[in-house]
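[1] Return atomic coordinates for the entry below.
(chains A and B)
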Amino acid sequence: MSAPSVTVPARGRRRLPTKLVIGGGILLAIILFALAAPWIAPYRFDEMSILSRLKPPSLAHWFGTDEFGRDVLSRTLMGSRLSLLMGFSATAISLIIGVPLGLLAGYRRGNVDEMIMRATDVLMSFPPIMLGMLILAVTPPSVWKLIIAVGIVYVPSVARLTRSVTLDIANEDFIQAAHARAERTSYILRAEILPNAWPPIIVEASLRVTFAIMLGAALSFIGLGAQPPSSDWGLMISEARPLIDRAPWVALAPGFAMCLTVIAINLLGDGLREALDPRLQRLTDG
Amino acid sequence: MLVYVLRRLLGVVAILAVMSVLIFIITQVMPGNVAHVLAGQFASPDTVAAIAKKLGLDAPYYVQYWRWASGLLVGDLGWSLVMDRPVAPIVAEAFLNSAILAAIAFVLVAVCGIFLGVIAAVRENRPVDYAVSLFSYVGISVPEFFWGIVAVILFARYLNWLPSGGAGDLSQGLLSWASHLVLPSLTLTLALLAHVSRLTRSSMLETLRSQYVRQARAKGVPENVVIRRHALRNALLPTITVLAIDVGWLIGNIVVVEAVFSYPGIGRLLLFAIERHDLPLIQASILLIAAVYCVANLIADLLYAYFNPKIRYGHVGA
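    Here you go, the predicted model:
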């Protein structure tokens, strides 16, 4: 039995928002580059060459070389895989933990709600980067721990959003009906509430991806994330910092790549919001 | 209102207490036995045990926590293991440096953010508005450390106007001291500017469309007076709350920005402490940063409640 839709707008023939198209297009291109990186990269990302250290951009090395003579273009290309992996898996983790918590808190109310909300209060009392540092300082850093840490950092905000959406939906008649049919809580949450709650969650999630990419890069930058010789963009920029006077290109390539990725995902998120939120749609149309 | 303030204050105290436990637990499970680190690689087990005893590391965890927490309450933050000095003055000095940086950035964010927001709103859908929007979009899409790097390349490497990092000493003159602050505070400002200018713009647009602004215009009040006296004053309410929230963001960003510019603030101190496994130093700096963050959030909430009576009376809503 499927629940009637309350938040998904009627599917009329509406033009897709421009932002969605542009953002989605750029992101798709970045994803393709990331997938093809091992084959299109002109060099191996960790191939060192003492003879060509810190060479400025040239035909052989489009974006120059770093202090070990590694090709910056190849490293930036390979880094895109890490960044996307980081952004999407960390967001997935925060959704996997945060959405059920939010559903439960918003539907059950009472003590369960109180406990979950107080826990998110504590987690949200740390600045995000500090929470990440606290989690990562415990064990030697690695990319997987970084992803988990960033995922955990954003659990509270996902849980809170899901909760507030659930609160609205829980008052709808069809939920009362399911309740009257004595459906199990897990069924109501999964089959009745979740399908109606996801549009705002998806919009939130798409913006979270950029936060996750930037937080992950920041943590790698301060040395608590990816470790050498990884070609993570944050780490690349961090390694390029001491050489900035002699070889600025080493930092610029990964930096611009990250900006482009984040801008693309932000555009996509804004476009999604316009497409999924009928109220906002009217506002922008009018 | 008073009840609300008291309730929120109690909330902050409770959160700080929980946080101190959390920080303590996490630092306890950190790898690298402190006594081992201090004794060096080739120390005998006896030496390690003796050092552990001297530091009180052999006591049960709850005793250690109690010692630490009760010390905190009287301002004793412990003894830095690596620097072999009391933690409090080290943290205080770094904190002061960070506070100077944060204060400058905060003022810049407030002034420039509101200014840009108002300009964009008044010139809605004109080139200036689009320029500000584009600028904001780029602003929130660029990580603060990359802004920092770009600033260094531009102002330190090519133009050679400013030092690329470190902190100046006041004894070497005010100018040298101030010049070290320019790039870090500029970087912090850029990262937060978009947030404030976007919000000011939308809230300003809302008030510009309101009845009382139309009324004022109909009365024949000059446009610049309408903007300054009628619209801006009301539009600033939400901006004030956002500025308080931004203090929190500022604190988060400052860790990274200090790392970019090797600025001797609390963020770099924390990174140093994590690198060297200096537990008391880690605990004190994290707790201090978290406390400032909590207080900033509290102020944001109180301001919000002050301007939104609904919140005050417990209609927190969803």
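[2] Give me the pLDDT value at B:Asn308.
    Listed pLDDT for B:Asn308 reads 64.
[3] I should have written A:Leu85 there, sorry.
    In this model, A:Leu85 carries a pLDDT of 91.
[4] Settle this for me: B:Ser197 is touching B:Ala120, isn't it.
    Yes - in this structure, B:Ser197 is within contact of B:Ala120 by CB atoms under 8 Å, at 6.8 Å. Every C-beta, even on glycine, is put in place using the N, C-alpha and C of the backbone.
[5] can you list residues touching both of those two?
    B:Val132 (CB atoms under 8 Å, 6 or more residues apart in numbering or on different chains).
[6] Where do the helices of chain A begin and end?
    A:18-40, A:72-108, A:110-124, A:128-137, A:143-153, A:155-170, A:173-180, A:185-187, A:194-221, A:233-240, A:249-276, A:278-285 (DSSP state H).
[7] Close to chain A: what parts of the stretch 201-318 of chain B are there?
    Within reach of chain A by CB under 8 Å from any CB of the partner chain, the stretch 201-318 of chain B has these residues: B:248-249, B:251-253, B:255-256, B:259-260, B:270-271, B:274-275, B:282, B:286, B:289-290, B:293-294, B:297, B:318.
[8] The closest residue to B:Leu170 other than its chain neighbours is in what secondary structure piece?
    Distance criterion CB to CB, 6 or more residues apart in numbering or on different chains; nearest residue to B:Leu170, sequence neighbours excluded, is B:Trp177 at 5.1 Å. For B:Trp177, the host element (DSSP states H and E) is helix B:174-208.
[9] Which other helices and strands does that helix contact?
    helix B:87-122, helix B:127-141, helix B:144-151, helix B:233-261 (3 or more CB pairs under 8 Å, 6 or more residues apart in numbering or on different chains; DSSP states H and E).
[10] what about dumping the CA coordinates of the third one to PDB?
    What follows is helix B:144-151, C-alpha atoms only, in PDB (Å, rounded to 0.1, in the frame of the first residue of the first chain):
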ATOM      1  CA  GLU B 144      38.900  28.900   3.700                       C
ATOM      2  CA  PHE B 145      42.300  27.300   3.500                       C
ATOM      3  CA  PHE B 146      42.300  27.700  -0.300                       C
ATOM      4  CA  TRP B 147      41.300  31.400   0.100                       C
ATOM      5  CA  GLY B 148      44.300  31.600   2.400                       C
ATOM      6  CA  ILE B 149      46.700  30.100  -0.200                       C
ATOM      7  CA  VAL B 150      45.300  32.300  -3.000                       C
ATOM      8  CA  ALA B 151      45.800  35.400  -0.700                       C
END
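[11] and residue 114, how many neighbours does it have?
    I'll assume chain A. Neighbour count for A:Glu114, taken as other CB atoms under 10 Å in any protein chain shown: 11.
[12] ah, I was thinking of chain B
    Counted with other CB under 10 Å, residues neighbouring B:Ile114 total 22.
[13] Return the residues in contact with it.
    Neighbours of B:Ile114 in contact, by CB under 8 Å, 6+ apart: B:Val196, B:Ser197, B:Thr200, B:Leu236, B:Thr239.
[14] So what's the predicted local confidence for the second one?
    Okay, so that is B:Ser197. pLDDT at B:Ser197 comes out at 86.
[15] Likewise for the one 5 residues further on?
    At B:Ser202 the predicted local confidence, pLDDT, stands at 83.
[16] cool, and A:Leu27?
    91.
[17] Next, give phi and psi for B:Asp169.
    Backbone torsions of B:Asp169, given as degrees, to the nearest 10, read phi -100, psi 130.
[18] Give the buried residues for the host helix or strand of B:Val292.
    For B:Val292, the element it lies in under DSSP H and E is helix B:279-307. Neighbour counts using 16 or more other CB atoms under 10 Å in any protein chain shown place B:279-306 of helix B:279-307 among the buried residues.
[19] same thing with stretch B:169-179?
    Applying 16+ other CB under 10 Å to stretch B:169-179 flags no residue as buried.
[20] Report the rounded mean pLDDT for it.
    For stretch B:169-179, mean pLDDT is 74.
[21] and it, how far from the chain's centre?
    Relative to the centre of its chain, stretch B:169-179 is centred 24 Å away, using CA atoms, centre = their mean, to the nearest Å.
[22] what's the span of that stretch, first residue to last?
    The first and final residues of stretch B:169-179 sit 11 Å from each other (CA to CA, to the nearest Å).
[23] what's it in contact with?
    B:Leu162, B:Pro163, B:Ala167, B:Gly168.
[24] quick one on the thing from earlier: tell me which of the helices of chain A is the most buried.
    Ranked by mean neighbour count under mean count of other CB atoms under 10 Å in any protein chain shown, the helices of chain A are led by helix A:233-240, which reaches a mean of 27.
[25] picking that back up, can you add mean pLDDT and give the helices and strands packed on helix B:174-208 back as a markdown table?
    Output for the helices and strands packed on helix B:174-208, formatted as a markdown table (pLDDT from 0 to 100):
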| stretch | mean pLDDT |
| --- | --- |
| helix B:87-122 | 88 |
| helix B:127-141 | 83 |
| helix B:144-151 | 85 |
| helix B:233-261 | 79 |
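[26] Would you agree B:Leu192 is in contact with B:Ile251?
    No - contact criterion CB under 8 Å: B:Leu192 and B:Ile251 do not qualify, at 11.2 Å.
[27] ok, the two, which is more surrounded?
    A side-by-side neighbour count of B:Leu192 and B:Ile251, using other CB under 10 Å, places B:Leu192 first with 27 against 23.
[28] which non-adjacent residue is nearest the more buried one?
    B:Val109 is the one closest to B:Leu192 (CB to CB, 6+ apart), at 4.8 Å.
[29] cool, and B:Leu205?
    Excluding its sequence neighbours, the residue lying closest to B:Leu205 (CB to CB, 6+ apart) is B:Ala121, at 4.9 Å.
[30] Which residue is the nearest non-sequential neighbour of the residue of chain A found nearest chain B?
    Minimum separation of chain A from chain B (CB to the nearest CB) falls at A:Pro127, amounting to 3.3 Å. Residue nearest to A:Pro127 in three dimensions, not counting chain neighbours: B:Gly252, with 3.3 Å by CB to CB, 6+ apart.
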